[in-house]
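Colleague: using only what follows, build the 3D model:
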Amino acid sequence: MLYRYRVLIFLFSLSMITYLDRVCISVVGKRMKDDLDLTNEQFGWILGAFSLAYALFEVPTGAMGDRVGPRRVLLRVVLWWSLFTALTGVASGLVMLVVIRFLFGMGEAGAYPNSSIVIARWFPAVETGRAQAFIWGAGRLGGALAPLVVIPLAASLGWRASFWVMGLIGVVWAVVWYWWFRDFPVEKKGITEKELSYIQDNRRFRSHEHGLAWGALLRSRNLWALVLMFHFYMYGAYFFYSWLPIYLQEGRQFTEREMQFFTTLPFISGAIGCFMGGFVSDWLVKRFGLRVGRASVGMVGMGLSSLVMWASALSENNLTAAYLLSVGMLFKDLTLPVSFAVCVDIGKSRAGTVAGTMNMIGQLGGFFLAVFFGRIVDLSGNYNFPLYIIGTLLGFSSLLWLVIDPTKELNWGYERKGGVDTGLLDG
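Modeller: Numbers count the residues shown, from 1 in each chain. Below you'll find the model as predicted:
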C-alpha cells in the first residue's frame, strides 16, 4: 500500500474518534439532564462551552501545526481531549461540566486544521478533495457509531462510563500515531522514490514557504466569504452534533430506541455526502477547473440542505421529519470536504492556519446554535422553530459560493514592487 494511503488511514481513524467523543454527550444528553436536573438552556451552555473554546483555539493550534509540524501537535491535541473526555464522566453539576467541556474544546481545537496540513504535505493537489472526503466521511461514521456504542454502555454501566471508554480509545491512537508518522514524506523510511516524486511534483506549494502576513487573512474578500459560508454551515452541522437526540426524544416524542436509529441514520447519510462531495469535486476539477469543481458542489449541497431543513420543520409527521433530516445531512455534507479542500487550495503551505481560521468562525456558529437552541425551546416550547432559522442560514451559505474562488491563493509573503507591498493581495 502506498504510504500516503497509510497516512490517510490514521487520519480516517482520528476523525472517527473525534466524533465518537464529540457526539457522546448529546447521545446521553437526556440521561445527563435527568440525573443532574439540567434545563435545556443549561445543557445548551454545556454544549456551547465546547464550541466556544474550540473556536478560540482553532487558529493558534492550526498555526502551531504549520510551524512545528502536525506529528507533535496532534499528539498533544488527542491526549488533551482524551483526558477531558474522561473527566466529563466525573462531573457533578453545571459549573463543573461547563469548565470541563470548555477545556475539552480547547484540547480538540486544531485536529482538523492539522489534518489539512498532513494532506497538504502528503497528497498531490488532484487528490485533495477525495482525501478530505475520507476524513470527513470517517467523522460521520464516528457519529453514526456513537449511539450504537454509547447507548448500550450507558444502559449497562451508566452514562459516566461511556466517557471513560471514549477517552481510553484516544490515548491508544495518540501513542501509535507519534511512533509511526513523520511530518514530511521525505522523512519517512520505506517510501519509494516514485511515490515521493509524485507527491512533490504535484503539490501546489513549496514546503519552504514560511512567511506569514496576517493582513493576507484580514484583507481577503475570498477568505471572508469562505469563513462566513462555514459559519452558516455550522448552525446546521451543530444541530446534528448536539441537539438531534433531544429534539427527537422531546420534540418528536421518539423512544430512546427510536432515537438511536434516527440519530445514527443522519450520520450515515452524512458519510455518503462527504464521500460524494469530495470525489465529485475532484472529478469536476479535472473536467472544468478548480473554481467550478469546488463551488458547484458547495452551492448545490447547501441550497438543497436549506430546502430540506425547512420541509422537515414543516412536517407534522414525526417519521417523515426524521427521514428528511437524514436527507438534509447528506446534502449539507456534500460541502464539508470541499470547504477544507479550498483551505488547502488557497492556503498552500499555511493550510493549517487557513483551515483553523475557517473552523474558528464556523465554530462560533456552533456556539450560538448550542446556546440559543435550548433558550428558544425553553421560551417557546416549540422544538421546530430553530429549524426554520437553521434552514434560512444554510440558504445564505449556499449563495456565498458565488464569491468563493479557490484559484485565488493567499500570498503570505511580502514583495516590494514600486514601493508597494503586494503580499496582502489575493486577487
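Colleague: where does the stretch 301-427 of the chain dip in pLDDT?
Modeller: For the stretch 301-427 of the chain, residues meeting the criterion pLDDT under 70 lie at 349, 411-427.
Colleague: can you show me the helices along it?
Modeller: Here the stretch 301-427 of the chain has its helices, by DSSP state H, counting those that start in this stretch, at 318-333, 335-347, 351-380, 385-400.
Colleague: report the distance from the longest one to the chain centre.
Modeller: If I follow you right, that is helix 351-380. 11 Å (Cα atoms, centre = their mean, to the nearest Å).
Colleague: buried sites along that helix?
Modeller: Buried residues in helix 351-380, counted by 16 or more other Cβ atoms under 10 Å: 351-374, 376-377. C-betas here are computed from N, CA, C, even on glycine.
Colleague: circling back: as a markdown table, the helices of the stretch 301-427 of the chain with distance to Tyr247 would be great.
Modeller: Output for the helices of the stretch 301-427 of the chain, formatted as a markdown table (distance: least, Cβ to Cβ, whole Å):
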| stretch | distance to Tyr247 |
| --- | --- |
| helix 318-333 | 9 |
| helix 335-347 | 21 |
| helix 351-380 | 9 |
| helix 385-400 | 8 |
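Colleague: nearest to Arg101, of those?
Modeller: Comparing the helices of the stretch 301-427 of the chain by their distance to Arg101 (Cβ to Cβ), the top pick is helix 351-380, with 10.1 Å.
Colleague: the inter-axis angle of the closest one versus helix 335-347?
Modeller: Calculated by axes from the mean of the first three to the mean of the last three Cα atoms, to 10 degrees, helix 351-380 forms an angle of 140 degrees with helix 335-347.
Colleague: low-confidence stretches in the chain?
Modeller: Using pLDDT under 70, the chain drops low at 202-218, 349, 411-427.
Colleague: near Arg67, how many other residues are there?
Modeller: Look at Arg67: counted by other Cβ atoms under 10 Å, it has 12 neighbours.
Colleague: tell me which element it falls in.
Modeller: Assigned by DSSP states H and E, Arg67 falls within helix 58-68.
Colleague: which residues are in contact with the helix or strand that that helix is followed by?
Modeller: Once the chain leaves helix 58-68, the next helix or strand it forms, by DSSP H and E, is helix 70-88. Helix 70-88 has contacts (Cβ atoms under 8 Å, 6 or more residues apart in numbering) with 14, 17, 21, 24-25, 61, 64-65, 97, 100-101, 103-104, 106-111, 114-115, 117-118, 163-164, 166-171, 173-174, 177-178, 181-183, 352.
Colleague: restrict the helix or strand just after helix 70-88 to CA atoms and write it as PDB.
Modeller: Sequence-wise, the next helix or strand downstream of helix 70-88 (DSSP H and E) is helix 94-108. The C-alpha coordinates for helix 94-108 follow below in PDB (Å, rounded to 0.1, in the frame of the first residue of the first chain):
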ATOM      1  CA  LEU A  94     -23.500  22.500  35.800                       C
ATOM      2  CA  VAL A  95     -20.400  24.600  36.600                       C
ATOM      3  CA  MET A  96     -18.100  21.600  36.600                       C
ATOM      4  CA  LEU A  97     -19.400  20.400  33.300                       C
ATOM      5  CA  VAL A  98     -19.100  23.900  31.700                       C
ATOM      6  CA  VAL A  99     -15.400  24.100  32.800                       C
ATOM      7  CA  ILE A 100     -14.600  20.500  31.700                       C
ATOM      8  CA  ARG A 101     -16.300  20.900  28.300                       C
ATOM      9  CA  PHE A 102     -14.500  24.200  27.700                       C
ATOM     10  CA  LEU A 103     -11.100  22.600  28.400                       C
ATOM     11  CA  PHE A 104     -12.200  19.700  26.200                       C
ATOM     12  CA  GLY A 105     -12.900  22.100  23.300                       C
ATOM     13  CA  MET A 106      -9.600  23.800  23.900                       C
ATOM     14  CA  GLY A 107      -7.800  20.500  23.600                       C
ATOM     15  CA  GLU A 108      -9.700  19.300  20.500                       C
END
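Colleague: quick check: longest helix of this protein.
Modeller: helix 256-288 (DSSP state H).
Colleague: distance between that one and the chain's centre?
Modeller: That offset, for helix 256-288, works out to 13 Å (Cα atoms, centre = their mean).
Colleague: repeat that for stretch 345-357.
Modeller: Distance, stretch centre to chain centre, for stretch 345-357: 15 Å (Cα atoms, centre = their mean).
Colleague: of all the helices of the stretch 301-427 of the chain, which lies closest to Asn222?
Modeller: Taking Cβ to Cβ, helix 335-347 is the member of the helices of the stretch 301-427 of the chain nearest to Asn222, at 6.7 Å.
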